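Engineer: coordinates for the following, if possible.
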Amino acid sequence: MWLDTVDQLLRPCLPPVVAAHARLANVRGDRLVFVVDAPVWHAKVRLATRELVDAARSVGLDVAGLSVKTTLQPLRPLPPAARTAPPMSAAGQSQLEAALALLRSDASHEGEDRAEGNRKAGSGQGRKHPTGSASGAS
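Structural biologist: Residues are numbered from 1 along each chain as shown. The predicted model follows:
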């Protein structure tokens with residue numbers, strides 16, 4: 001938790017645009033370790049080294065420099081997923097149900113057609129018989 005506190009103390013030293021994309025990840029030896037979410041912010045944090053080191057020293061940290069790492073992970077925990085789609089209207093719901101019923105009826109007709117084809121094939125009605133002799137001699 002102290003790392004979050006130090007992060008909040010150092011964040012005002014970064015330009016607001018950069019602060020949204022950077023986070024203090026660690027204090028390793030005499031170095032501050034920042035994590036950013038894109039290479040462009042990596043360079044911007046490096047440009048603020050002097051201000052960040054001075055601010056860290058002013059709160060009692062014995063640091064001489066900083067390093068910056070780039071990550072693909074979110075810098076802060078994401079809020080719980082909120083429902084993004086508005087509820088469906090009654091008219092939309094009824095149209096969706098009608099479309100689903102139509103699809104189901106088409107699927108059941110295809111199943112019946114398939115079953116009828118299988119019955120014909122099983123009874124020999126759907127098969128073609130060779131016209132030549134059974135031995136295949138010429």
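
Engineer: what's the neighbour count on His21?
Structural biologist: By the criterion of other CB atoms under 10 Å, His21 has 17 neighbours. From N, CA and C alone the C-beta is placed, and that goes for glycine too.

Engineer: with adjacent residues omitted, what lies nearest to it?
Structural biologist: Trp41 (4.2 Å; CB to CB, 6 or more residues apart in numbering).

Engineer: can you give me how far the helix or strand Asn26 falls within is from the chain middle?
Structural biologist: Element membership for Asn26 (DSSP states H and E) is strand 22-28. Distance of strand 22-28 from the chain centroid (CA atoms, centre = their mean, to the nearest Å) equals 25 Å.

Engineer: returning to what we had before: tell me the angle of the helix or strand containing the residue nearest to His21 relative to strand 22-28?
Structural biologist: Applying DSSP H and E as the criterion places Trp41 in helix 39-47. Interaxial angle of helix 39-47 relative to strand 22-28 (axes from the mean of the first three to the mean of the last three CA atoms, to 10 degrees): 60 degrees.

Engineer: centre of the chain to the following helix or strand past helix 39-47, how far?
Structural biologist: Next in sequence after helix 39-47, counting helices and strands by DSSP H and E, comes helix 49-58. How far helix 49-58 lies from its chain's middle: 36 Å, per CA atoms, centre = their mean.

Engineer: what of stretch 67-79?
Structural biologist: Distance of stretch 67-79 from the chain centroid (CA atoms, centre = their mean) equals 15 Å.

Engineer: for that stretch, the averaged confidence score.
Structural biologist: Mean per-residue pLDDT for stretch 67-79: 79.

Engineer: may I have that stretch as CSV, with CA atoms only?
Structural biologist: Provided in CSV are the C-alpha atoms of stretch 67-79 (Å, rounded to 0.1, in the frame of the first residue of the first chain):
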residue,chain,number,x,y,z
SER,A,67,13.7,3.0,-15.1
VAL,A,68,10.6,2.6,-17.2
LYS,A,69,9.1,-0.6,-18.4
THR,A,70,6.3,-1.0,-21.0
THR,A,71,3.5,-3.5,-20.4
LEU,A,72,0.4,-4.7,-22.3
GLN,A,73,-1.5,-5.3,-19.0
PRO,A,74,-3.9,-2.6,-17.7
LEU,A,75,-2.1,-0.3,-15.2
ARG,A,76,-5.0,-0.2,-12.8
PRO,A,77,-7.6,-2.7,-12.1
LEU,A,78,-10.5,-2.4,-14.5
PRO,A,79,-14.0,-1.7,-13.0
